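>>> got a predicted model here, sequence first, then my questions.
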Amino acid sequence: MKKTIGILGGMGPLATADLFKKIVLMTKAGSDNEHIRIYIDNNAQIPDRTGAILSGGTDPVPEMSSALKHLEACGADCIIMPCNTAHYFLPRLQEQTQVPFISILESTAKACAKQFPGKTACVLGTKGTLASGLYNRALEAEGVSCILPNEEQRDVLMYAIYDCVKGGKPLETVREPMEKLLANLSKEGADYFILGCTELPVVAEELKLPGAFIDPTAELAKAAILFCGYELK
């Protein structure tokens, strides 16, 4: 029996739309009726995850739990979150439900090991994700080596994520800083880049940034499609 997906979204809305679009585009289907049933709670009221992790900001879990309850009530067979930083809170959420979460971190780490064996990844993401060590642990479990951006480079990423994608400033304003960041990290030993914030695939695609990338949003989409018993296109 085919299964359904619940997207715990709103972190942010464009990243949620990007995940939904990728699931649709990656599912092997010959008609509308052959696609996966998907429930989406685009709860944009979930407090900022990085602020909660780094500076004692409002706990996002109560609002995330509210969305989780809605998705459970709809009948979702699995839950996915298009937000890498939100996975810091995943253990607390999983305790609240029998519905399995599919981890963006684990899906990405497995893809890295398969697509770039023996190569060094560089994790790009929010300061919250990078400080938490979420990706370090997931990659280590799959035998993948990685490096992280320095503080100045993290400022560039935060501007791209928060000011441009979330805040609506023109992406073109971050083109040169992002290209410089990628070039410098390549010199420091990065063979490829993990777009470890769900806003970053939007940046990389829109600006057509140079480099080899792993898109965690796409890897999460693939994992959810297969979990539900469908084929990849």
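Structure received. Numbering: from 1, shown residues only.
>>> ok, which stretches of the protein are strands?
5-9, 38-42, 78-80, 120-124, 145-147, 192-195, 213-214 (DSSP state E).
>>> would you list every one of the helices in the chain?
With DSSP state H as the criterion, the chain has helices at 13-26, 49-55, 61-74, 90-94, 104-115, 127-132, 134-141, 151-158, 175-187, 200-207, 216-227.
>>> quick one, which of these gets closest to Arg37.
helix 61-74 (9.1 Å; C-beta to C-beta). Placement of C-beta: from N, CA and C, glycine included.
>>> now for the closest one, which elements pack on it?
On a contact count with 3 or more C-beta pairs under 8 Å, 6 or more residues apart in numbering; DSSP states H and E, helix 61-74 meets strand 5-9, strand 38-42, helix 90-94.
>>> and the contacts of it?
4, 6-10, 39, 41, 43, 45-47, 79, 86, 89, 92-93, 96-97, 99 (C-beta atoms under 8 Å, 6 or more residues apart in numbering).
>>> on that earlier part again, most packed of the strands of the chain?
Here the criterion is mean neighbour count by mean count of other C-beta atoms under 10 Å, and of these the winner is strand 5-9, at a mean of 26.
>>> so how far is it off the chain centroid?
13 Å (C-alpha atoms, centre = their mean, to the nearest Å).
>>> list the contacts of it.
15-16, 19-20, 23, 36-43, 64, 67-68, 71-72, 74, 76-82, 86, 99, 224, 228.
>>> with stretch 81-90 instead?
7-9, 11-12, 15-16, 18-19, 46, 49-50, 53, 60-61, 64, 101, 103-105, 125-126, 128-129, 132, 134-135, 196-198, 216-217, 220.
>>> so how far is Thr126 from Leu25?
26 Å (C-beta to C-beta, to the nearest Å).
>>> thanks a lot, see you next time.
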